[in-house]
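Asker: Below is the sequence, then the predicted model.
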Amino acid sequence: MSGLSYRASGVDTAAGDAVAAYAARRAPAVGGFAGLFPLELSGPGPYDLVACTDGVGTKLKIAFALNRHHTIGIDLAAMCVNDLITCGAKPLFFLDYYASGKIDPAKSRRILDGIFEGCRQGRMALLGGETAEMPGFYAGGEYDLAGFCVGVVARAEKIDGSKIRPGDAVLALKSSGLHSNGFSLVRRIFAGAELKRRGAELLTPTRIYVSQIERLRRGLRAQGADILGLAHITGGGLVENLPRILPKGVLAVVRKKECRTPKIFRDIQSRGGVPEAEMWRTFNMGVGMAVVVRPQAAALARKILPELHSIGGIARGKNGVVLA
């Protein structure tokens, strides 16, 4: 057994160190054994810390197939921070976990650049992360990503859906396309040349809604109104995500035609013979974030954020979503 080394076993620590050094140059907080974030709070407390974690799922397989890695980090940040803001939290910082069978420094820099861009859009600091090289664990050229973000919200300003009642309006912020869900099905439908032809569209990064929601809430509160509920529409679509913010005794009625579903979803449906109900249970169908406000605040909300559009309303009934 003499003469063996970690490098001979397949782990190139120099490549990992180069990736860490690149991250440290871009984010001064990265380094050492743990990241420190200066927490300076102003305003009335008490406060709650809010934490979320997520990954990109099998959208990574599209990135591998096309060797396009510069936007997948945006997806990673988006999937975490879009969840975080649904309770009214202000994003603070983000951490990532990046693991591969063999670290490719050039590819790693592209991935990290996407994460930095996602953090910029999400108004959070990249505080640290982990880069792991695990020979034999991943197929050649493949990797995995996970993200973790932390935010803070004053308890008095928390958004939890508890004040939603019949008659309230459901508005939508559009998605940029598939976002990061449903790709196991997508990869069954688009393959080979078709996958490459649609590659740029399929890899369109998930929208990050931090600035829009912050602007909307600030504008509403200035006029004595507020956001009652926010639902990030990910896996499960509107059908499974919107009920998560509804109190007992109410349901959401969503008008499918008002969701402005992009063509890519109908292409998936027709090419794969996917039933209509399955489409709405799997994909966002054009709605990236659903927003619930009082009916009298709907016009003001649309004035603050002109891209907001009505997709339905709240009615009495068993918790759930009715697609009309």
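Answerer: Structure's in. What do you need?
Asker: Below-threshold pLDDT in this structure: ranges please.
Answerer: In the prediction, the chain carries residues with pLDDT under 70 at positions 1-24, 27-31.
Asker: Residue ranges of each domain in it, please.
Answerer: Here the domain parsing of the chain from automatic domain parsing is 13-31+46-157, 169-323.
Asker: Out of these, flag the one nearest residue 39.
Answerer: Nearest to residue 39, of all those, is domain 13-31+46-157, at 7.5 Å by Cβ to Cβ. To be clear about C-beta, it is placed using only N, CA and C from the backbone, and glycine gets the same treatment.
Asker: before we move on, back to that, quick one: the domains of the chain as a markdown table, columns for mean neighbour count too.
Answerer: Listed next are these as a markdown table, based on neighbours: other Cβ atoms under 10 Å:
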| stretch | mean neighbour count |
| --- | --- |
| domain 13-31+46-157 | 19 |
| domain 169-323 | 18 |
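Asker: want to throw these into CSV with distance to residue 163?
Answerer: Formatted as CSV, the domains of the chain follow (distance: least, Cβ to Cβ, whole Å):
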stretch, distance to residue 163
domain 13-31+46-157, 12
domain 169-323, 5
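Asker: my guess is residue 97 meets residue 128, correct?
Answerer: No: the pair residue 97 / residue 128 is not scored as a contact, 10.2 Å apart, by Cβ atoms under 8 Å.
Asker: need the longest helix for this protein.
Answerer: In the chain, taking DSSP state H as the definition, the longest helix is helix 105-121.
Asker: Summarise which helices and strands that one is packed against.
Answerer: For helix 105-121, the packing partners by 3 or more Cβ pairs under 8 Å, 6 or more residues apart in numbering; DSSP states H and E come out as helix 13-26, helix 72-84, strand 90-100, strand 125-133, strand 143-154.
Asker: Try it again at 7 Å.
Answerer: Under the contact definition 3 or more Cβ pairs under 7 Å, 6 or more residues apart in numbering; DSSP states H and E, helix 105-121 sits against helix 13-26, helix 72-84, strand 90-100, strand 125-133.
Asker: residue closest to the middle of this protein?
Answerer: residue 79 (1.9 Å; Cα atoms, centre = their mean).
Asker: Which residue, neighbours along the chain excluded, lies closest to it?
Answerer: Counting by Cβ to Cβ, 6 or more residues apart in numbering, residue 79 lies nearest to residue 54, which is 4.0 Å off, once chain neighbours are set aside.
Asker: before we move on, what SS does the one you found have?
Answerer: When classified by DSSP: H, G, I helix; E, B strand; the rest coil, residue 54 comes out as strand.
Asker: so the residue nearest to the centre of the chain touches residue 206, yeah?
Answerer: Yes: between residue 79 and residue 206 there is a contact at 6.3 Å, judged by Cβ atoms under 7 Å.
Asker: what do those two both touch?
Answerer: Shared contacts of residue 79 and residue 206 (Cβ atoms under 7 Å, 6 or more residues apart in numbering): residue 180.
Asker: can you map out the strands along the stretch 101-250 of the chain?
Answerer: 125-133, 143-154, 169-174, 229-232, 250-254 (DSSP state E, counting those that start in this stretch).
Asker: would you turn those strands into JSON lines with distance to residue 316?
Answerer: Shown next, in JSON lines, are the strands of the stretch 101-250 of the chain (distance: least, Cβ to Cβ, whole Å):
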{"stretch": "strand 125-133", "distance to residue 316": "44"}
{"stretch": "strand 143-154", "distance to residue 316": "29"}
{"stretch": "strand 169-174", "distance to residue 316": "15"}
{"stretch": "strand 229-232", "distance to residue 316": "16"}
{"stretch": "strand 250-254", "distance to residue 316": "6"}
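Asker: To residue 63, which of these lies closest?
Answerer: Nearest of these (Cβ to Cβ): strand 143-154, 9.0 Å.
Asker: So which elements touch that closest one?
Answerer: Under the contact criterion of 3+ Cβ pairs under 7 Å, 6+ apart, strand 143-154 touches strand 47-55, helix 72-84, strand 90-100.
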